[in-house]
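Engineer: my questions are about this predicted structure, shown below with the sequence.
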Amino acid sequence: MLGHDLLAELGRSAPQDSPPDDLELAESPGAHEVTAVDRDEVDIRDPEACLEVVAGHDFVVNVAAWTAVDEAETHESAAFAVNAVGAANLARACAAARVPMLQVSTDYVFAGDANRPYSEDAPLAPRSAYGRTKAAGEWAVQALCPQSWVVRTAWLYGAHGPNFVKTMAALAAERETVTVVDDQRGQPTWTVDLAGAIVRLIEAGAPFGAYHGTSSGETTWFGFAQAVFAELGLDCDRVKPTTTDAFPRPAPRPAYSVLGHEAWRSAALDPLPSWRASLTRAVPIVAVR
Ligand SMILES: NC(=O)c1ccc[n+]([C@@H]2O[C@H](COP(=O)([O-])OP(=O)(O)OC[C@H]3O[C@@H](n4cnc5c(N)ncnc54)[C@H](OP(=O)(O)O)[C@@H]3O)[C@@H](O)[C@H]2O)c1
């Protein structure tokens, strides 16, 4: 989901009339020439494949991950193989080739029980298998590749993958009411906003370290659902609040996943826009797919 919008953003940052949406961008003055690979071409669990694909590039962004949060509870070693060992393989390859690497991570590395935004240097204390594997990935990348950024994101939605906005749009067409948890707080984040921020971070040569790639502002899943209904021109009263306890899931969900954005400001970069303003721009693109 993020990878597709990142490719488009790398194309957009180039002075082209109509950036190709193909996986390989054409060579043009000022353009980022991108090698985009998916699992069929490079399995990041394979160290040799990582060494080969990294060579000759100016930077590497790792958006590959095991993202099935609930399934990770019962398949932690398989998730670890991608999120920790895979990230380590890429980091080792990048370090050997002296190529800076950007690793995308998650709010799930934190305990999720705070009452004010997590700073970039807050202690990691994951409560789920997915969170543990992503925390291990962060550690590996920072330990193995000195020239590395970690960008933590959360509550992602976009045109190119299943996500909450699409689910709400589909449920709105099927049911009179939908019930959504109102006791988990976070920052809905459009993949297009995150992709833009990642490209700006790299192009600016921002200091290596941790950044929080989430929207400004915060809400609950209930508030997010109501906003999706509003953007679709539907009656928001059709969304009903409930609690996490009423919806037990295999992996524990963080109650408070709001991330602070100080590192962007320290690097003289703008943090991501407000989640609510971005949703207005995103729904016509995301909810129709
Ligand atoms: N979605 C969210 O709400 C969210 C929240 C916080 C953080 N993040 C992080 O953001 C990043 C992007 O997430 P996303 O939602 O765009 O994920 P996504 O749509 O699930 O994409 C992940 C990609 O990684 C690929 N992949 C899996 N195992 C691989 C392997 N061994 N080698 C190479 N590629 C492999 C997957 O391929 P297959 O399709 O073939 O499996 C898929 O194309 C991830 O680091 C994720 O942890 C996401």
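Structural biologist: Good, I have the coordinates.
Engineer: where do the strands of the stretch 51-200 of the chain begin and end?
Structural biologist: Counting by DSSP state E, counting those that start in this stretch, the segments of the stretch 51-200 of the chain that form strands are 60-62, 101-106, 148-153, 156-157, 178-181, 185-186, 189-190.
Engineer: could I get the buried residue list for stretch 230-244?
Structural biologist: For stretch 230-244, a neighbour-count test (16 or more other CB atoms under 10 Å) marks 230-231, 234, 239, 244 as buried. Bear in mind the C-beta positions are built from the backbone N, C-alpha and C, glycine included.
Engineer: now that stretch: how far from the chain's centre is it?
Structural biologist: Chain-centre distance of stretch 230-244: 25 Å, with CA atoms, centre = their mean, to the nearest Å.
Engineer: where along this structure do the helices fall?
Structural biologist: 2-12, 47-54, 69-72, 76-80, 87-97, 129-144, 164-174, 191-203, 221-231, 262-266, 275-286 (DSSP state H).
Engineer: so which of those comes closest to residue 112?
Structural biologist: The minimum distance between residue 112 and the helices of the chain falls on helix 129-144, with 8.7 Å, by CB to CB.
Engineer: and stretch 142-149, which residues are buried?
Structural biologist: Residues of stretch 142-149 classed as buried by neighbour count (16+ other CB under 10 Å): 142, 144-145, 148-149.
Engineer: which of those sits closest to residue 163?
Structural biologist: Each of those was checked against residue 163 using CB to CB; the closest is residue 149, at 24.0 Å.
Engineer: and that closest one, how far from the ligand?
Structural biologist: Residue 149 sits 13 Å away from the ligand, taking CB to the nearest ligand atom, to the nearest Å as the criterion.
Engineer: what's the spacing between that residue and residue 44?
Structural biologist: Note on residue 149: its distance to residue 44, by CB to CB, to the nearest Å, is 17 Å.
Engineer: low-confidence ranges in the protein?
Structural biologist: Where the chain drops to pLDDT under 70, the residues are 13-31, 289.
Engineer: what residues does it put near the ligand?
Structural biologist: 1-3, 38-39, 43-45, 63-67, 82, 86, 104, 106, 134, 153-156, 161 (CB under 6 Å from any ligand atom).
Engineer: please spell out the ChimeraX selection for the buried subset of these.
Structural biologist: Selection of buried members from these for ChimeraX, criterion 16+ other CB under 10 Å:
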select :1,2,3,43,44,63,64,65,66,67,82,86,104,106,134,153,154,155,156,161
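Engineer: nearest residue to the middle of this protein?
Structural biologist: Taking CA atoms, centre = their mean, the centroid of the chain lies closest to residue 153, which sits 4.3 Å from it.
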